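>>> Quick one, what's the 3D model for this:
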Amino acid sequence: MTDEIRLTLPAQEDFRHVAHLVVGGVENNEVRATVGPFDAAALAKLDEASTGLAPRRIVETVCDSVSVRERNGASWIDVTKQVPA
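Below you'll find the predicted structure:
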């Protein structure tokens, strides 16, 4: 059985360190995160390359898996990254 922690933080820089503490102790050499909710307009920006590279391309390059799923009428992005033991 895997324990699950759900953490909701304000999108302010001051709370970034809290998120780092939470993902610092992950199981099975894997870091998993779900980020959201995103509305349709925000989700569409993932594929825009207004600054040269689309955000989705960057995330897919850095992470081992990236998926978008619907939950409670909004879109959420699930990312997984394997980390060395």
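>>> Going by C-alpha atoms from here, please, whenever you check contacts or count neighbours.
Noted.
>>> Assign Arg56 to helix, strand or coil.
helix (DSSP: H, G, I helix; E, B strand; the rest coil).
>>> how about it, what does it touch?
Contacts for Arg56 (Cα atoms under 8 Å, 6 or more residues apart in numbering) come out as Leu46, Asp47.
>>> and the next element down the chain from the helix or strand hosting Ala33?
Following DSSP states H and E, one finds Ala33 within strand 30-38. Counting by DSSP H and E, the next helix or strand C-terminal to strand 30-38 is helix 40-44.
>>> what about that next one, distance to the chain center?
15 Å (Cα atoms, centre = their mean, to the nearest Å).
>>> residues of it that come out buried?
Residues of helix 40-44 classed as buried under the neighbour-count rule (16 or more other Cα atoms under 10 Å) are Leu43.
>>> And it, what does it pack against?
Counting by 3 or more Cα pairs under 8 Å, 6 or more residues apart in numbering; DSSP states H and E, the packing neighbours recorded for helix 40-44 are strand 74-82.
>>> May I have the strand it packs on as PDB, with CA atoms only?
The C-alpha trace of strand 74-82 is given here as PDB (Å, rounded to 0.1, in the frame of the first residue of the first chain):
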ATOM      1  CA  ALA A  74     -10.800  21.000 -14.800                       C
ATOM      2  CA  SER A  75      -7.600  19.800 -16.300                       C
ATOM      3  CA  TRP A  76      -4.700  18.500 -14.200                       C
ATOM      4  CA  ILE A  77      -1.200  17.600 -15.400                       C
ATOM      5  CA  ASP A  78       0.400  14.500 -14.000                       C
ATOM      6  CA  VAL A  79       4.200  14.300 -14.200                       C
ATOM      7  CA  THR A  80       6.600  11.500 -13.200                       C
ATOM      8  CA  LYS A  81      10.400  11.500 -13.000                       C
ATOM      9  CA  GLN A  82      12.600   8.600 -12.100                       C
END
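>>> Packing partners of it?
On a contact count with 3+ Cα pairs under 8 Å, 6+ apart, strand 74-82 meets strand 30-38, helix 40-44, strand 65-71.
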